[in-house]
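*Asks:* 3D model of this:
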Amino acid sequence: MTDADQLQEQPVSVDPADAREFLIELVSIPSPSGEEAECASYLASFFEAYGRDAWIDDIGNVRAPGDDGVLLTSHIDTVPGDIPVRVEDDQLWGRGSVDAKGSLAAMAVAAVTTGASFAGVIGEEVDSSGAHHLVDRRERPDAIVNGEPSGWDSITLGYRGLLGGAYVSTSESGHSSRPTENAIEHAMGWWSRVESVFEADQWDSVFEQVTTKPVGFTGGPAEDGLSVEATLDVQLRVPPDMTVEAVKELADGELQEGTVTWWDEVPPVMASPRTPVARAFRGAIRQAGGDPRLLRKTGTSDMNVFAAAWDVPIVTYGPGDSGMDHAPDEHLDLTAFDRSIAVLETATERLLEADRDD
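*Replies:* Modelled structure (predicted):
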């Protein structure tokens, strides 16, 4: 079933107070990666309450078909962490309020009021499984707005790519007084060489660098006592002027012992600021009283997946300070949330009208 097969529903209005209550309820339903089902069900019910067809696909994404001139999409899952949900001084506290249920709720409201297509996807915080499933099973839309916090008056045009893998080495056991290197030293040596290969130029911004990060390690004597084992989990972020394959070849070139298995490869993305989508958002932000800024993010998002699969105009947009992502004090300014809905509605309506005129 594709979104293009569905009948477009008549857009309706959503009261701003109801939009806020919808967001608060979304944040109140825990949805760490792998546990999105309850939140997905509530999200689907929001569309049904406004007369829109919505369904949950076989991986757990929420699909609300509409006008495919624009696909509004954000993720349902959050990182773990219990932050008591409360509203104080127009600030909504709670896990996922910024990353990315503020974006998710604003896009759901804008989809209802404009008739645009919508998808709430799972697994973004882990492996983007929901986004991969979506691009494999639906037709390409004409434009995409991906939901992540950019600030209500900014749009994100670029993300670095990701290369993730695991280095494994095994060596014979021996007394620690002997000078022969063991598997742990092999792992440490390989990673030290990789870090040297990608040592940053002091004049390059972080966005323009390959940055390296070990994210997990296990090692020591094997259970039988006859060998020493080491496993090092690593991530490398890839700037748009390099390919994932080129970074992989350089890292593999530093192998002297052991093996590395690369299990996560996401290409970088850098969208043009001159696409119809970027222009529509700049105009909508100005109309709402803002001075639009263009951002580049050092992390990776579902935008990378969509851009690699679909050659269509794309930006990332959403309320909230991305410095609050995954933070223990994550909270969202509700006034910014209100403004983001207005920006999304204006930009989406302009894009849909232009698409119908073509």
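*Asks:* And the helices in the stretch 1-150 of the chain?
*Replies:* 16-28, 37-49, 102-114, 129-137 (DSSP state H, counting those that start in this stretch).
*Asks:* which one's the longest helix in the chain?
*Replies:* Longest helix in the chain, counting residues (DSSP state H): helix 334-357.
*Asks:* now the angle between helix 16-28 and that one, please.
*Replies:* 110 degrees (axes from the mean of the first three to the mean of the last three C-alpha atoms, to 10 degrees).
*Asks:* If you count neighbours, what's buried in helix 334-357?
*Replies:* 334, 336-352, 355 (16 or more other C-beta atoms under 10 Å). Backbone N, C-alpha and C define where each C-beta goes, glycine included.
*Asks:* which helices and strands does that helix pack with?
*Replies:* Helices and strands touching helix 334-357, as assessed by 3 or more C-beta pairs under 8 Å, 6 or more residues apart in numbering; DSSP states H and E, comprise helix 16-28, strand 67-75, strand 91-93, helix 102-114, strand 144-147, helix 276-287, strand 314-317.
*Asks:* so which of the ones you listed comes closest to residue 58?
*Replies:* Taking C-beta to C-beta, strand 67-75 is the member of the helices and strands packed on helix 334-357 nearest to residue 58, at 17.5 Å.
*Asks:* can you list contacts of stretch 192-210?
*Replies:* 158, 160, 211-212, 234, 236-239, 241-242, 247, 250-251, 253-254, 296-298 (C-beta atoms under 8 Å, 6 or more residues apart in numbering).
*Asks:* Could you list which of the residues you listed belong to helices?
*Replies:* Of the positions in the contacts of stretch 192-210, 247, 250-251 sit in helices, assigned by DSSP H.
*Asks:* For residue 310, state which of these is nearest.
*Replies:* Using C-beta to C-beta, residue 247 comes nearest to residue 310 of the ones in helices among the contacts of stretch 192-210, at 23.7 Å.
*Asks:* wait, doesn't that closest one sit right on residue 239?
*Replies:* No - counting by C-beta atoms under 8 Å, residue 247 stays clear of residue 239, with 9.3 Å between them.
*Asks:* So for those two, which sits in the more crowded spot?
*Replies:* residue 247 (25 against 22; other C-beta atoms under 10 Å).
*Asks:* could you check the distance from that one over to residue 198?
*Replies:* Distance, residue 247 to residue 198, using C-beta to C-beta, to the nearest Å: 8 Å.
*Asks:* joint contacts of these two?
*Replies:* With C-beta under 8 Å, 6+ apart, residue 247 and residue 198 have common neighbours 210, 236.
*Asks:* looking only at pLDDT, what's the mean for the helix or strand encompassing residue 167?
*Replies:* Element membership for residue 167 (DSSP states H and E) is strand 161-172. Strand 161-172 shows an average pLDDT of 96 in the prediction.
*Asks:* do you know how far the spatially most central residue of the chain is from residue 74?
*Replies:* Of all residues in the chain, the one closest to the mean position by C-alpha atoms, centre = their mean is residue 301, 2.8 Å from it. Remark: distance between residue 301 and residue 74 (C-beta to C-beta) = 10 Å.
*Asks:* Could you check how far the residue nearest to residue 110 when sequence neighbours are not counted is from residue 222?
*Replies:* Ranked by C-beta to C-beta, 6 or more residues apart in numbering and with sequence neighbours excluded, the top spatial neighbour of residue 110 is residue 344, at 3.8 Å. Distance of residue 344 to residue 222, computed by C-beta to C-beta: 55 Å.
*Asks:* try residue 139
*Replies:* 51 Å.
*Asks:* Residue 118 against residue 109, yeah?
*Replies:* No - between residue 118 and residue 109 there is no contact under C-beta under 8 Å: 9.9 Å.
*Asks:* If you count neighbours, what's buried in stretch 114-127?
*Replies:* Using 16+ other C-beta under 10 Å as the test for burial, stretch 114-127 gives 114-125, 127.
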